[in-house]
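Enquirer: here is a sequence together with a model predicted from it:
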Amino acid sequence: MGVLVTGGAGYIGSHTVYELIKTNQQVVVYDNLSKGHRGAVPAGIPLIMGDIREAARLAETIEANHIDTVIHFAADSLVGESMQDPAKYYENNVVATLALLNTLRKCGVNRIVFSSTAAVYGEPELWPIAENFRTNPTNVYGRTKLVIEGILADFSQAYGLKYVSLRYFNAAGALNSGTIGEDHAPETHLIPLVLKTALGQRQAIDIYGTDYPTPDGTCIRDYIHVTDLAQAHVLALEYLQAGGASRIYNLGSERGFSVREVIDRAKFVTGIDFPVQEKERRAGDPAILVASSERIRQELGWKPACSELDTIIRSAWQWHKNNPHGFGES
Ligand SMILES: NC(=O)c1ccc[n+]([C@@H]2O[C@H](COP(=O)([O-])OP(=O)(O)OC[C@H]3O[C@@H](n4cnc5c(N)ncnc54)[C@H](O)[C@@H]3O)[C@@H](O)[C@H]2O)c1
Ligand SMILES: O=c1ccn([C@@H]2O[C@H](COP(=O)(O)OP(=O)(O)O[C@H]3O[C@H](CO)[C@H](O)[C@H](O)[C@H]3O)[C@@H](O)[C@H]2O)c(=O)[nH]1
């Protein structure tokens with residue numbers, strides 16, 4: 001039986017495909033390439049170019065490849081854009097996922113691993129954040145992911161769908177071999193932007209806000225290596241394949257670093273001093289997001305192995321240095 005990876009040509013999806021093939025799972029990538037890259041999909045892995053809303057193409061792919069489980073990454077995920085264009089986010093995240101789930105039902109596929117986000121929590125008052133904390137997203141992107149979690153719970157109750165929803169904190173880093181890495185256009189994430197500044201592709205890195213209630217005034221985040229995230233997907237998949245019940249898990253390193261700390265570590269790792277500019281806050285940014293990943297460690301035996309901040313930055317630096325234009329140039 002096979003595993004369908006929607007959004008498998010994207011950043012986290014492609015790293016997960018690399019982990020899946022080590023475990024001898026039969027993998028098929030399904031991606032409309034709106035954001036993903038053909039070059040991110042390993043040689044020999046089928047890439048079906050399609051949108052998850054295209055029911056006929058999707059059903060044909062599922063049947064031809066004997067798919068019995070789906071890992072669902074396909075989505076739009078820019079917080080700022082979601083506030084300016086909510087229709088796009090409700091359409092490509094909620095409506096498209098509903099279409100996907102309906103096709104899965106018709107094809108008799110009843111297992112799915114879903115990419116959720118720390119953005120479902122909004123602005124919590126306590127840390128580390130556990131899965132039973134109140135969900136209260138402060139942006140449209142987070143709301144769309146929470147709506148999908150609700151749909152998954154309802155489908156689970158009514159139709160017997162089994163799902164694992166993984167709430168990622170800040171994904172960063174690149175595959176150790178340096179063959180794939182993060183290449184978003186536009187790039188909005190801190191670590192790749194810092195490294196592009198070190199490469200001289202940007203004049204300075206902007207710090208969005210220095211008046212947060214944190215020790216150095218800048219936002220604190222929990223950075224998790226993309227390969228540790230990918231391994232959690234493999235565990236979630238194996239758990240569902242073994243008949244596991246629906247679950248929700250946080251995925252973070254359980255350590256927080258401020259924006260200034262990330263910049264300082266990047267200067268250390270790269271050995272390059274680069275300009276930093278202090279700017280106004282970015283709308284919708286919570287001050288502190290740090291995970292408790294206790295539940296997935298206890299229940300699935302997940303152990304993040306490469307999520308030390310320097311290790312994350314080093315792997316991302318290797319990717320950006322060797323591929324200054326991402327997948328556009330090797
Ligand atoms: N990057 C992070 O830090 C982070 C954090 C939390 C959650 N997430 C979630 O993880 C998932 C993957 O994130 P990423 O950073 O790898 O994003 P990405 O943009 O690199 O990958 C998403 C992939 O999905 C594809 N896609 C989008 N809409 C599609 C559709 N309708 N049909 C088919 N393919 C479609 C894109 O072409 C792209 O290859 C997303 O669901 C995102 O919301 C990411
Ligand atoms: O040029 C930049 C870019 C970012 N930041 C700051 O760096 C921190 C991290 O920002 P990212 O954009 O890298 O990541 P976010 O925490 O905003 O977002 C991440 O976590 C969210 C959950 O809270 C969503 O899941 C989202 O998809 C995921 O990328 C934030 O405080 C942000 O304000 C800067 O100071 N300068």
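Expert: Cool, the structure landed. Ligands and ions are numbered 1, 2, ... in the order given.
Enquirer: and the helices in this structure, which stretches?
Expert: 11-22, 55-64, 79-84, 86-89, 96-107, 140-159, 190-198, 226-241, 259-270, 294-300, 309-322 (DSSP state H).
Enquirer: dump the ones you listed to JSON lines, plus mean pLDDT and mean neighbour count.
Expert: For every residue, glycine as well, the C-beta is placed using N, CA and C. Shown next, in JSON lines, are these (pLDDT from 0 to 100; neighbours: other Cβ atoms under 10 Å):
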{"stretch": "helix 11-22", "mean pLDDT": "97", "mean neighbour count": "23"}
{"stretch": "helix 55-64", "mean pLDDT": "98", "mean neighbour count": "16"}
{"stretch": "helix 79-84", "mean pLDDT": "91", "mean neighbour count": "17"}
{"stretch": "helix 86-89", "mean pLDDT": "98", "mean neighbour count": "16"}
{"stretch": "helix 96-107", "mean pLDDT": "98", "mean neighbour count": "19"}
{"stretch": "helix 140-159", "mean pLDDT": "98", "mean neighbour count": "19"}
{"stretch": "helix 190-198", "mean pLDDT": "98", "mean neighbour count": "22"}
{"stretch": "helix 226-241", "mean pLDDT": "98", "mean neighbour count": "23"}
{"stretch": "helix 259-270", "mean pLDDT": "98", "mean neighbour count": "19"}
{"stretch": "helix 294-300", "mean pLDDT": "98", "mean neighbour count": "16"}
{"stretch": "helix 309-322", "mean pLDDT": "98", "mean neighbour count": "20"}
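Enquirer: quick one: which of these is nearest ligand 1?
Expert: helix 11-22 (3.4 Å; Cβ to the nearest ligand atom).
Enquirer: hmm, who's touching the closest one?
Expert: Residues outside helix 11-22 that contact it (Cβ atoms under 8 Å, 6 or more residues apart in numbering): 3, 5-8, 27, 29, 31, 36-37, 40-42, 45, 71, 73-74, 115, 168, 171, 174-175, 180-184, 226-227, 229-231, 233-234, 237.
Enquirer: buried subset of the residues you listed, written for PyMOL?
Expert: A single PyMOL command selects the buried members of those (16 or more other Cβ atoms under 10 Å):
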select buried, resi 3+5+6+7+8+27+29+31+36+37+40+41+42+45+71+73+74+115+168+171+174+175+180+181+182+183+226+227+229+230+231+233+234+237
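Enquirer: restrict the contacts of helix 11-22 to contacts with ligand 1.
Expert: 6, 7, 31, 36, 73, 74, 115, 168, 171, 184 (Cβ under 6 Å from any ligand atom).
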